[in-house]
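Enquirer: What would the 3D arrangement of this be:
(one chain, ligands or ions: 2)
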Amino acid sequence: MPERKHTRLVLEPAQRTTLANARRRLLLRGGLTLGGVAMLTGCNLQDGDTFDKVLWAMSRWNDKVQAWLFRENRLAPTYAAGDITKPFPFNAFYPEYSVPDIDLSDYQLEVSGLVADKTPWTLEGLRRLPQASQITRLICIEGWSAIGQWGGVPLKTFLQRIGADLTARYVGFKCADRYYSSIDMATALHPQTILALDFGGEALPPDFGNPLRLRVPTKLGFKNPKHIMALFVTNTYPGGYWEDQGYNWFSGI
Ligand SMILES: Nc1nc2c(c(=O)[nH]1)N[C@H]1C(S)=C(S)[C@@H](COP(=O)(O)O)O[C@H]1N2
Ligand SMILES: [Mo]
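Expert: Ligands and ions are numbered 1, 2, ... in the order given. So this is what the prediction gives:
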C-alpha cells in the first residue's frame, strides 16, 4: 500500500457546505471517505487542492465505476434496413452550413502515440483493410436518436494493424473542425466500434463526418467524432470537446 499524504482542502465557506453534503452522501451510500475517493481515482489529493479538483476526481471515479460495469462484449442493439431513419439528423457544435470542407485528394489519417507504425493512412489504404457494417441507433444527449447504417474498419483491426499498445488506456481523436474526443481501450476493442468510411452504403457525406468518423454504438453521440484527421494511443487522459465542458467522459449507453 503506497503511503498517502494527509489531505487538507482549501475551501470557501459555501463550498465547505456543498462538499460536506457530497461527502455525507458518499458516506451514506458506499461508506466512502474523501481519502477513499482519492484512492479509487488514483488521484493523490494534496494540501492546497481545490474544491474543483476534488469534484473532477469524483467524476473520474464515476467513470471507473461505469467502466467496471461495462462488459466488453455486450452488444448494442442492431436493426433492420427498414428501420433506418430518413432523413438522418445532422448535429455538430455549429450549424450545417459550417460543416468543414475537406480536400479528399490529399487526405491522410495521422497516427501517433503508443503505436509501432506511425505511417499515415490514405482512404484507399483504409478501404483495403477488412470492413464491417452495422445498423445501429445513434443517441444524442440533447434528446433525440436515429437509426443509421455505417460501414468501415473495426477499430480493433486497425489498432492491431498499426501495432498499437492494446494495454494502453485511451484512444484519442482529433477532427478537422477542432472537435476532439477519446475512448477507453475496452471500448476501442469492442466488436461494434468502427472507423466508419460509409454511411447508408455510400462514402460518408460531409454532414455526417466525411471522410472518416468513429462509430461507437455503445456510447452517446458526442463520443462519435466526425471528420477525423488524427488518431493517437495514450495513457494520458485526453478528454474531449464536450467532456472538458462537463459531459461525463465514459457516457456509455
Ligand atoms: N467533428 C465533430 N464530430 C462530432 C460533433 C461535432 O460537432 N464535430 N458532434 C457530435 C455529436 S454531439 C453528435 S450527436 C454526433 C451527430 O452525428 P450526426 O451528424 O451524424 O447525426 O456527432 C458527434 N461528432
Ligand atoms: Mo450529441
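
Enquirer: For ligand 1, what's the nearest residue on this protein?
Expert: Gly221 (2.7 Å; C-beta to the nearest ligand atom). C-beta coordinates here come from the backbone N, C-alpha and C atoms, glycine included.

Enquirer: measure that residue to Arg213 for me?
Expert: 11 Å (C-beta to C-beta, to the nearest Å).

Enquirer: neighbour count winner among these two?
Expert: Neighbours were counted for Gly221 and for Arg213 using other C-beta atoms under 10 Å; Arg213 has more, 23 against 20.

Enquirer: What residues does the more buried one make contact with?
Expert: 150, 195-196, 204, 224-228 (C-beta atoms under 8 Å, 6 or more residues apart in numbering).

Enquirer: Which pLDDT does the model give it?
Expert: Looking at Arg213, its pLDDT reads 98.

Enquirer: which phi and psi does it have?
Expert: phi -140, psi 160 (degrees, to the nearest 10).

Enquirer: Next: Glu202.
Expert: Dihedral angles (degrees, to the nearest 10) for Glu202: phi -120, psi 160.

Enquirer: So what pairs up with it in the strands?
Expert: Phe199 (DSSP bridges).

Enquirer: can you count the residues close to it?
Expert: 10.

Enquirer: quick one: contacts for the residue of the stretch 1-150 of the chain found nearest ligand 2?
Expert: In the stretch 1-150 of the chain, no residue comes nearer to ligand 2 than Cys140, which is 3.4 Å away by C-beta to the ion. Contact partners of Cys140, counting by C-beta under 8 Å, 6+ apart, are 89, 91, 220-222.

Enquirer: please redo it, this time with the cut-off set to 10 Å
Expert: 89, 91, 146, 220-222, 224 (C-beta atoms under 10 Å, 6 or more residues apart in numbering).

Enquirer: Check Ala230 too.
Expert: 108-113, 120, 172-176, 180.

Enquirer: Which stretches in the stretch 151-253 of the chain count as helices?
Expert: For the stretch 151-253 of the chain, the helices defined by DSSP state H, counting those that start in this stretch cover 155-161, 185-188.

Enquirer: Looking at the first one now, give me its mean pLDDT.
Expert: Spelled out, it's helix 155-161. Per-residue scores along helix 155-161 average to 98.

Enquirer: Going by neighbour count, list what's buried in that helix.
Expert: Across helix 155-161, burial judged by 16 or more other C-beta atoms under 10 Å covers 155-156, 158-159, 161.

Enquirer: One more: stretch 235-245?
Expert: Under 16+ other C-beta under 10 Å, the buried positions of stretch 235-245 are 238, 240-243.

Enquirer: Run through the stretch 51-200 of the chain and note the low-pLDDT ranges.
Expert: Applying pLDDT under 70 to the stretch 51-200 of the chain flags residues 51-55, 57-58, 61, 64-65, 67-72.

Enquirer: Which positions in it make contact with ligand 1?
Expert: Residues of the stretch 51-200 of the chain found near ligand 1 (C-beta under 6 Å from any ligand atom) are 89-93, 138, 140, 175, 177, 179.

Enquirer: domains for the protein, by residue range?
Expert: 13-69, 81-245 (automatic domain parsing).

Enquirer: right, so these: which one is the most enclosed?
Expert: domain 81-245 (a mean of 17; mean count of other C-beta atoms under 10 Å).
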